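Trainee: after the sequence you'll find the predicted model.
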Amino acid sequence: MTVLLPIPPLVPIPPLAVPGEVRRMVRLTYLTALTTLLGYVVFFVFGFLRDLFRELLDWSKSDDLRGYAPICPPFEDFYTRRIYHRIQDCFARPIASAPDAWIDVVERYSNDNNKTLRRTSTASRCLNLGSYNYLGFAAGDEYCTPRVIESLKKYAPTACSARADAGTTRLHVELEELIARFVGKPAAITFGMGYVTNSSIIPVLVGEGGLIISDSFNHNSIVNGARASGATVHVFRHNSPSHLEEVLREQIVKGRQPGTHRPWRKILVIVEGIYSMEGEFCKLPEIVAICKKYKAYVYLDEAHSIGAVGKSGRGVCELLGVDPADIDIMMGTFTKSFGSCGGYIAASEEIIRYLKHACPAHLYATSMSPAAVQQVISAIKVVLGEDGSNRGAKKLAQIREGSNYFRSELKKMGFVVLGDNDSPVMAIMLYNLAKLPAFSRACLRQNVAVVTVGYPATPVLLARARICISASHAREDLIKGLKVRLSFL
Amino acid sequence: MASAVMNMTTAALDWVTVVFDAPLARAVVFGVHIDGHLVVEVLLVAVILFQLTRKSYKPPKKPLTEKEIDDLCDEWVPEPLHPPITEEMKAEPPILESAAGPHTVIDGKEVVNFASANYLGLLGNEKIADSCITSLEKYGVGSCGPRGFYGTIDVHLDCETRIAKFMGTPDSILYSYGISTIFSVIPAFCKKGDIIVADEGVHWGVQNGLYLSRSTVVYFKHNDMASLESTLEKLTHENKQAEKIRRYIVVEAIYQNSGQIASLNEIVRLKEKYRFRVILDESHSFGVLGNSGRGLAEYYGVPIEKIDIITAGMGNALATDGGFCTGSVRVVDHQRLSSSGYVFSASLPPYLASAAISAVNYLEDNPSVLTQLRSNIALLWKGLADILGLAIASHPLSPIVYLKLKKSTGSSKSDLELLNIITDRVLKEDSVFIVSTKRSVLDKCRLPVGIRLYVSAGHSESDIHKVCDSLRRVAALVLV
């Protein structure tokens, strides 16, 4: 038993550096940065003091770990216990209805200062500006739901088996042909979860001796897939084709070993269609041109853009005028625009055949639930107009107009809003950590459900509120949302 | 000659002495006599200082010109994204035209299905289908968001509570896909510097999790407790550092790659002796082992608190999709912010969560389905006992019945070709659907390949007799 006071635990130092062009884009002034940092410092200091008190009070209690290291070391947990728990009621709010334009947010209460939250049986009806429901397929749809129920009765909720074993049904084959046709590629392969698609495909395509160059704001699934592949990973500045060219030139010349300059086996550049925390499109034409010049392969992750942008919903390629044949691998998910679950990869016939032979998710993981497959098939048919109506075109027009209207109104009100025109995702900058719960709780009191994000999903100084517009939002809903915002100015 | 040199040397020395004692050198600066040699010494010091301040000589590196970089970039040729396509890559799995229950339809013909892990026969259960339909009508198909951003639907919370109540643990956490459960849980608790001892036969999901965690991983021989003990001994012997870092043993309850069952009582004894924690993957044993289906801990009579982390995929016995992880409150709570597959991914579709709740309810109300499963396995064992060329390599209680070649051809590849011929003929000629081992190029497992049969409580006696007869006939033809 030591007699000295224990040393305060180490705190993870969050990356504070915000590149110059990002600071200009989000209009982060020195005053804002300073006040935000000050807020964090106050939180950390109070957290330290509370941890110290906890150590002193628990000192006399018996140590029932008996020779084990703690399963969650105190410094890993610091952010969770001392900062996140204070504002826990702003996240993971349960809902009691479909994630449509209006949702029933379940009210929760806490008896121990937000450490644990309990559900009540009351729910309040709120405007949903947080769910990824771009085309409004989240709740029941008149064309999709009957077909989904029929598929469920015919094929059961799951096949209990991997695609390579007994998990391939007629529906899976139909979906793969349909999504390949929709996206404009010869063939496609589907998986039951978007996250697993990235994590298990990238290691199959690029292994050791290869180079992956990925955008600095890429999603966690891409980062995990790149790490699991064993290839060298380099990062280029967010959406900067010039920096990408610089990195490519430097790396091809350097080779994969500093002494011998052995050439790289292959180079894969990974970008996303819409970056979900900023709402902006990637500069696809320039990036594709650079990759063609240097013979690098392009991997485009259209998780948020497929079905939501483009004249007929075919994603960023259609919007920005890039030929799908120029992109080697097109990946996307069915969760956001099609109201289902799962992911897909569309590429040439040979690549897909190889992936079906080698990808672990195809060989080992349970195949996608047939009802979810049917939902995607029906949703794509609606978008393409093959169900015999023009609801698809109407939805696409509605989401485009709704998001442009909302964004322009917010800008008029004086908020700093990120996101390009035509993008259904936009971010309102809040910067200060203390503003996150204030904004979120105040909106909830006025029956608007918003999503606020801070560190670690965004850089430390750039906390924001993120809005996702849906085709099921009527103009009145958007106006109500704006009025609520207005009351905070 | 020598005298001339001597003369010259003496003359030089005289000259030097004269210089040293020259009148110029006899100046007086600040009251100090400056002698000639002082001048030489000062000059020497100056030269030394001058040399020290010069940069060390490196042959200058000529930076490449833009044109040279362009040429190098033009010369570089990448490998194609895929290797050449071989015949075996073109093989397609059979396409099902109905639910994958004990009987299914392939190519218009009805076949007996031993390829789905439908252990409790819940595929096609009316009650579960009804609860799914109610859920679909209320919540739609997808949940349209991760758990942190309005993707938490009340059925998810109900499902987590139900599973925790069934297992007897304080809390559980739901994942949206079976295989992502284990490779998200392991990196959440194991970081660089921790020690993990894992079985060499674990499946790809576990291997991926171990790689992503960046911890030190040591493998022990498949299901060999002596090997585990010696590995633990080696790691902790004389290693004082070992006490300050987290140490884990990662095993599966029923191994997907071989059908063996881990000896949990031995593992718990070793874990307590050497102070390790246990991460147990119960994907194929949840709902199968134990008197009421609570898994490996119930089967061995080990209290559930002794196992630190239990994960399971629900795509097997529970006939739904997704996965869960359960353990102490600290374990479950930590994952809600640190587990990447939970935080950065959309949540489980609500209708699958309702299916899970109904499946667990069914299991609790009808424990007789477990006895049915066990008798089916026993019947299958009896029927497969005398097959020419194939031997059963799995545990008698495992619902995955694993058939190995008695005499291997020497390479995994040719073994697999032989086994594929058997499974194809069994399907085409006798309408029985069985599958062989599938190995991905990324899989590091080196256990022998074989044929897998998944036994279900929904199989009838005639189904089991059919598969035994068919295998006996085809194996005799192919494996002479």
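Mentor: Done, it's in.
Trainee: do a quick rundown of the strands in the stretch 351-480 of chain B.
Mentor: Here the stretch 351-480 of chain B has its strands, by DSSP state E, counting those that start in this stretch, at B:390-392, B:400-405, B:432-433, B:435-436, B:450-454.
Trainee: just for the chain, where's the confidence low?
Mentor: Went with chain A since none was named. For chain A, residues meeting the criterion pLDDT under 70 lie at A:1-26, A:60-65, A:489.
Trainee: wrong chain, I was asking about chain B
Mentor: The model of chain B has pLDDT under 70 over residues B:19-34, B:60, B:238, B:240-243.
Trainee: one more time with 80, if that's ok
Mentor: Residue ranges of chain B with pLDDT under 80: B:1, B:18-36, B:55-64, B:238-244, B:480.
Trainee: by contact count, what packs against the host helix or strand of A:Val253?
Mentor: Assigned by DSSP states H and E, A:Val253 belongs to helix A:241-254. Judged by 3 or more C-beta pairs under 8 Å, 6 or more residues apart in numbering or on different chains; DSSP states H and E, helix A:241-254 is in contact with strand A:211-215, strand A:232-236, strand A:267-272, helix A:284-294, helix B:66-75. Glycine gets a C-beta too; all of them are placed from N, C-alpha and C.
Trainee: and the following helix or strand past the longest one, which strands flank it?
Mentor: By that I understand helix A:284-294. Downstream of helix A:284-294, the next assigned helix or strand under DSSP H and E is strand A:297-301. Note on strand A:297-301: by DSSP bridges, its sheet partners are strand A:267-272 (parallel), strand A:329-333 (parallel).
Trainee: circling back to that earlier point, the strands of the stretch 351-480 of chain B: which one's closest to A:Gly310?
Mentor: strand B:435-436 (40.4 Å; C-beta to C-beta).
Trainee: the residue of the stretch 301-450 of chain B at minimum distance from chain A: helix or strand, and which one exactly?
Mentor: Using C-beta to the nearest C-beta, B:Gly315 is the residue of the stretch 301-450 of chain B that sits closest to chain A, at 3.4 Å. Assigned by DSSP H and E, B:Gly315 falls within no helix or strand.
Trainee: out of everything not next to it in sequence, what's closest to it?
Mentor: Leaving aside its sequence neighbours, B:Gly315 sits nearest to A:Thr366 (C-beta to C-beta, 6 or more residues apart in numbering or on different chains; 3.4 Å).
Trainee: pull up the gap between the one you found and B:Leu81, please.
Mentor: Look at A:Thr366 and B:Leu81: by C-beta to C-beta, to the nearest Å, they are 27 Å apart.
Trainee: so which of those two has more stuff around it?
Mentor: The residue with more neighbours, out of A:Thr366 and B:Leu81, is A:Thr366; 30 against 21, by other C-beta atoms under 10 Å in any protein chain shown.
Trainee: so the more buried one touches A:Val196, yeah?
Mentor: No: contact between A:Thr366 and A:Val196 fails when scored by C-beta atoms under 8 Å: they sit 10.6 Å apart.
Trainee: list residues touching both of these two?
Mentor: Shared contacts of A:Thr366 and A:Val196, defined by C-beta atoms under 8 Å, 6 or more residues apart in numbering or on different chains, comprise B:Tyr177, B:Ile179.
Trainee: is A:Leu127 located within a helix, as I assumed?
Mentor: No: counting by DSSP: H, G, I helix; E, B strand; the rest coil, A:Leu127 is not found in a helix; it is strand.
Trainee: quick one: contacts for it?
Mentor: Contact partners of A:Leu127, counting by C-beta under 8 Å, 6+ apart, are A:Ala101, A:Trp102, A:Asn447, A:Val448, A:Ala449, A:His473, A:Asp477, A:Lys480, A:Gly481.
Trainee: same question, A:Phe236
Mentor: By C-beta under 8 Å, 6+ apart, the neighbours of A:Phe236 are A:Ile213, A:Ser214, A:Asp215, A:Ser216, A:His243, A:Leu244, A:Glu246, A:Val247.
Trainee: for PyMOL, what selects the buried ones among these?
Mentor: Buried members of those, defined by 16 or more other C-beta atoms under 10 Å in any protein chain shown, are picked up in PyMOL with:
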select buried, chain A and resi 213+214+215+244+247
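Trainee: now distance to A:Asp112 too, for the contacts of A:Phe236, in TSV please.
Mentor: Shown next, in TSV, are the contacts of A:Phe236 (distance: C-beta to C-beta, whole Å):
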residue	distance to A:Asp112
A:Ile213	47
A:Ser214	42
A:Asp215	41
A:Ser216	39
A:His243	48
A:Leu244	50
A:Glu246	53
A:Val247	50
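Trainee: any idea which of the contacts of A:Phe236 is closest to chain B?
Mentor: A:Glu246 (10.7 Å).
Trainee: the residue lying closest to B:Ile451 once chain neighbours are set aside pairs with what?
Mentor: Nearest residue to B:Ile451, sequence neighbours excluded (C-beta to C-beta, 6+ apart): B:Leu403, at 4.3 Å. Beta-bridge partners recorded for B:Leu403 (DSSP bridges): B:Ile392, B:Ile451.
Trainee: number of residues surrounding B:Leu403?
Mentor: B:Leu403: 24 surrounding residues under other C-beta under 10 Å.
Trainee: correct me, but A:Gly39 touches A:Asn432?
Mentor: Yes: between A:Gly39 and A:Asn432 there is a contact at 5.7 Å, judged by C-beta under 8 Å.
Trainee: what about the two, which has more around it?
Mentor: Between A:Gly39 and A:Asn432, counted using other C-beta under 10 Å, A:Asn432 has the larger neighbour count: 19 against 16.
Trainee: quickly find the element holding the nearest residue to that one once chain neighbours are set aside.
Mentor: Once flanking residues are discounted, A:Asn432 sits nearest to A:Thr36: 5.0 Å by C-beta to C-beta, 6+ apart. Per DSSP H and E, A:Thr36 falls inside helix A:30-58.
Trainee: now the angle from the helix or strand just after that helix to helix A:30-58?
Mentor: Following helix A:30-58 in sequence order, the next helix or strand is helix A:74-82 (DSSP H and E). Angle of helix A:74-82 versus helix A:30-58, following axes from the mean of the first three to the mean of the last three C-alpha atoms, to 10 degrees, is 110 degrees.
Trainee: send me helix A:74-82 as PDB with only the CA atoms.
Mentor: C-alpha atoms of helix A:74-82 as PDB (Å, rounded to 0.1, in the frame of the first residue of the first chain):
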ATOM      1  CA  PRO A  74      -8.800   5.300 -15.900                       C
ATOM      2  CA  PHE A  75      -7.200   7.500 -18.600                       C
ATOM      3  CA  GLU A  76      -9.100   5.700 -21.400                       C
ATOM      4  CA  ASP A  77     -12.300   6.400 -19.600                       C
ATOM      5  CA  PHE A  78     -11.600  10.000 -18.600                       C
ATOM      6  CA  TYR A  79     -13.500  11.600 -21.500                       C
ATOM      7  CA  THR A  80     -16.500   9.200 -21.100                       C
ATOM      8  CA  ARG A  81     -16.800   9.700 -17.300                       C
ATOM      9  CA  ARG A  82     -16.100  13.300 -16.900                       C
END
